[in-house]
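**Student:** Need coordinates for the following:
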Amino acid sequence: MPAWLLCTMTLALLLSAAAWRAERTQQRRGRTTRWLWLAAIAASAIVPLAWLPGVLAAMPAEQAQLKLGWFMLSSGMLLLLALRSVWLLSHQRRWQKTSLLGTPVYLSGGIGPCVAGLLRPRIVMPVWLRLISSQQQALLLAHAQCRLAARDPQLLALAYALIILMPWNVPLWWQLHRLRFAIEVDCDARMLAQGHALRDYAIVLRQHGQYYSGLTGASPIVLNDPRALRRRRRLMARFTRNRAANLL
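**Tutor:** Numbers count the residues shown, from 1 in each chain. Model prediction:
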């Protein structure tokens, strides 16, 4: 089984390298990249399972602790996600359903701006949002609506479900990191394709991107990394409206 584990992580590394190279090509063409990373995660997690029954059948008894450790890691990750979902449900009772600039939203004490939920994702905005300008409110709402249209919560939930199969596979976590960044870049392009000004949108990212709820199924408006934000701004500068429209 140790040899299978090593081969599995090597395959994930090779798929990561291939997806990273393809991502650069797709970004130059102004095309979506999220599916590259989701495909890499799926292949990294599912393909090795074809050989797993034979590996388990031939595994010596003294290596049984490897199976136990695998089960405990997967169970622990599943439990953590379940606890976060319960935490989210408990907080939903305190949210106030209202309308902001004609868009139905939920106002929370400190969660957001984000899209939360899996089966019925909803826009969650913090109460301080009422203190900023209506232009910035409109940009934050448009960003959240882009997430709903692109089904970002469901996409991230699928990625997490695949990683639960092999939480010990370190390259899978890097692929998830790249998927989250690709989701952000795709959302940026959609915002520009809708005609939002790059300068105004970048200001909103810089001023309000640090607010991150950490909820399962919810994505922050930016990754919690200043370098990632700077790179996103460089990528946005390359988009024309017509190129960005390829993502709609």
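**Student:** what helix or strand is the closest residue to Ala40 other than its chain neighbours on?
**Tutor:** Spatial nearest neighbour of Ala40, chain neighbours left out: Ala19 (4.1 Å); criterion: C-beta to C-beta, 6 or more residues apart in numbering. (Each C-beta comes from the backbone N, C-alpha and C, glycine too.) Assigned by DSSP states H and E, Ala19 belongs to helix 2-28.
**Student:** which strands and helices sit next to that helix?
**Tutor:** helix 34-46, helix 170-193, helix 226-238 (3 or more C-beta pairs under 8 Å, 6 or more residues apart in numbering; DSSP states H and E).
**Student:** weakest of the ones you listed by average pLDDT?
**Tutor:** When the helices and strands packed on helix 2-28 are ranked by mean pLDDT, helix 226-238 comes last with a mean of 77.
**Student:** Report the buried residues of that one.
**Tutor:** Ala228, Leu229, Arg232, Leu235, Met236 (16 or more other C-beta atoms under 10 Å).
**Student:** roughly how far is stretch 27-41 from the heart of the chain?
**Tutor:** Distance of stretch 27-41 from the chain centroid (C-alpha atoms, centre = their mean, to the nearest Å) equals 13 Å.
**Student:** in that stretch, what counts as buried?
**Tutor:** For stretch 27-41, the neighbour count (16+ other C-beta under 10 Å) marks Gln27, Gly30, Arg31, Thr32, Thr33, Arg34, Leu36, Trp37, Leu38, Ala40, Ile41 as buried.
**Student:** If we only consider those residues, which is nearest to Leu119?
**Tutor:** Leu38 (19.4 Å; C-beta to C-beta).
**Student:** The closest one is in contact with Ala159, isn't it?
**Tutor:** Yes. Leu38 is within contact range of Ala159, at 6.3 Å (criterion: C-beta atoms under 8 Å).
**Student:** between these two, what contacts are shared?
**Tutor:** Leu179 (C-beta atoms under 8 Å, 6 or more residues apart in numbering).
**Student:** Backbone dihedrals for Gly112, both of them.
**Tutor:** phi 110, psi 180 (degrees, to the nearest 10).
**Student:** what's the closest residue to it other than its chain neighbours in contact with, if anything?
**Tutor:** Among residues not flanking Gly112 along the chain, Val124 sits closest, at 4.2 Å (C-beta to C-beta, 6+ apart). Applying C-beta under 8 Å, 6+ apart to Val124 gives the contacts 95, 105-108, 111-116, 213, 218.
**Student:** Kind regards, and thank you for your time.
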